[in-house]
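**Q** sequence and predicted structure below; questions after.
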Amino acid sequence: MKQGWGPSARSPSPEPGGQGVAIQREGGVLSDAGRDVRPAIPLSVSNVPAGIVMDNLGVLDTGCTHRAVVEIADCRVLDDPTAELVTYSLGSCIGVTVWDPVVRVGGMLHFMLPDSRNAPQRIGRNDAMFADTGLPRLFHGAYKLGAVKQRLVVKVAGGSAFFKTTEEMNIGRQNYAMLQHVFARNGIRVDGEHVGDMISRTMRLNVGTGRVTVQNRKMGRIDI
């Protein structure tokens, strides 16, 4: 039966507890929080210890054998449990991951702007650029691969503001507000997030385990 994008029994997420903080909520399938123990010496493909898989972009998460990069204004959904989805340079942009623990389908969206109606010349050219068009694309992409809305674990990262500015110019805050609006209208709960502050983030999803991490030089790599 075709799944709708409309409301379900899952309630919208409460207001975030603060900016720049990893928030975990009960009821979702979450990884244990904590920092990764990074190797003490620089790794290269020639000196990777046994059990660690590495490509030219760095060390992959446990169980992953290859990496799929989600570019800016991009969306990818996979049913490959050996894949790691990763997106870089999440500033005011927002990254969203979905993961179904039963069929092990995972997806990631990296959107830039909140509302496609403010850029009518771009409508239809790249749905992943905007929150209001990219989020349905992400969820429906997961449904096509067998994911079920009520099982999805949803994580969010990004929405930074690098300069003090007016509310009208704060794209990160506007992006996050639109995401909350879309999720509330459609009964989507956020299971973990790391948003706000004045930092750039890298976001990763292990499609096999559902582990989601965010990382930058300031804070290292943490689970959300």
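**A** Thanks, I have the structure now. Numbers count the residues shown, from 1 in each chain.
**Q** how about the strands in the chain?
**A** All strands of the chain, identified by DSSP state E, fall at 22-24, 54-55, 58-59, 66-69, 74-78, 83-90, 94-100, 105-111, 153-158, 192-195, 201-206, 212-216, 220-223.
**Q** I'd like these as a markdown table, with mean neighbour count and mean pLDDT appended.
**A** All C-beta atoms are positioned from the backbone trio N, CA, C, and that covers glycine. Rendered in a markdown table, the data for those read as follows (neighbours: other Cβ atoms under 10 Å; pLDDT from 0 to 100):
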| stretch | mean neighbour count | mean pLDDT |
| --- | --- | --- |
| strand 22-24 | 17 | 37 |
| strand 54-55 | 14 | 58 |
| strand 58-59 | 14 | 75 |
| strand 66-69 | 15 | 94 |
| strand 74-78 | 20 | 98 |
| strand 83-90 | 22 | 96 |
| strand 94-100 | 28 | 98 |
| strand 105-111 | 28 | 98 |
| strand 153-158 | 26 | 98 |
| strand 192-195 | 27 | 96 |
| strand 201-206 | 24 | 97 |
| strand 212-216 | 23 | 95 |
| strand 220-223 | 16 | 93 |
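**Q** what's the longest helix out of those in the chain packed up against?
**A** With residue count as the measure and DSSP state H as the assignment, the chain has helix 171-186 as its longest helix. When contacts are defined as 3 or more Cβ pairs under 8 Å, 6 or more residues apart in numbering; DSSP states H and E, helix 171-186 packs onto strand 94-100, helix 131-144, strand 153-158.
**Q** swap the cut-off to 10 Å and go again
**A** Using 3 or more Cβ pairs under 10 Å, 6 or more residues apart in numbering; DSSP states H and E as the contact test, the elements touching helix 171-186 are strand 94-100, strand 105-111, helix 131-144, strand 153-158, strand 192-195.
**Q** okay, the angle between that helix and helix 131-144?
**A** Between the axis of helix 171-186 and that of helix 131-144 there is an angle of 50 degrees, by axes from the mean of the first three to the mean of the last three Cα atoms, to 10 degrees.
**Q** out of the strands of the chain, which gets nearest to N186?
**A** Across the strands of the chain, the minimum distance to N186, taken as Cβ to Cβ, is reached by strand 153-158, at 11.0 Å.
**Q** residue contacts, the closest residue to V69 other than its chain neighbours?
**A** Taking Cβ to Cβ, 6 or more residues apart in numbering, and ignoring the residues beside it in sequence, V69 has V86 as its nearest neighbour in space, at 5.8 Å. If a contact means Cβ atoms under 10 Å, 6 or more residues apart in numbering, then V86 has 57-58, 60-61, 64, 67-70, 95, 108, 202-206, 213, 215 as its contacts.
**Q** go on, M178?
**A** Contacts for M178 were tallied using Cβ under 10 Å, 6+ apart; they are 94, 111, 113-115, 130-132, 135.
**Q** same thing but 7 Å
**A** Taking Cβ atoms under 7 Å, 6 or more residues apart in numbering as the contact definition, M178 lies against 114-115, 131-132.
**Q** report the buried members of those residues.
**A** Buried members of the contacts of M178, scored by 16 or more other Cβ atoms under 10 Å, are 114, 131-132.
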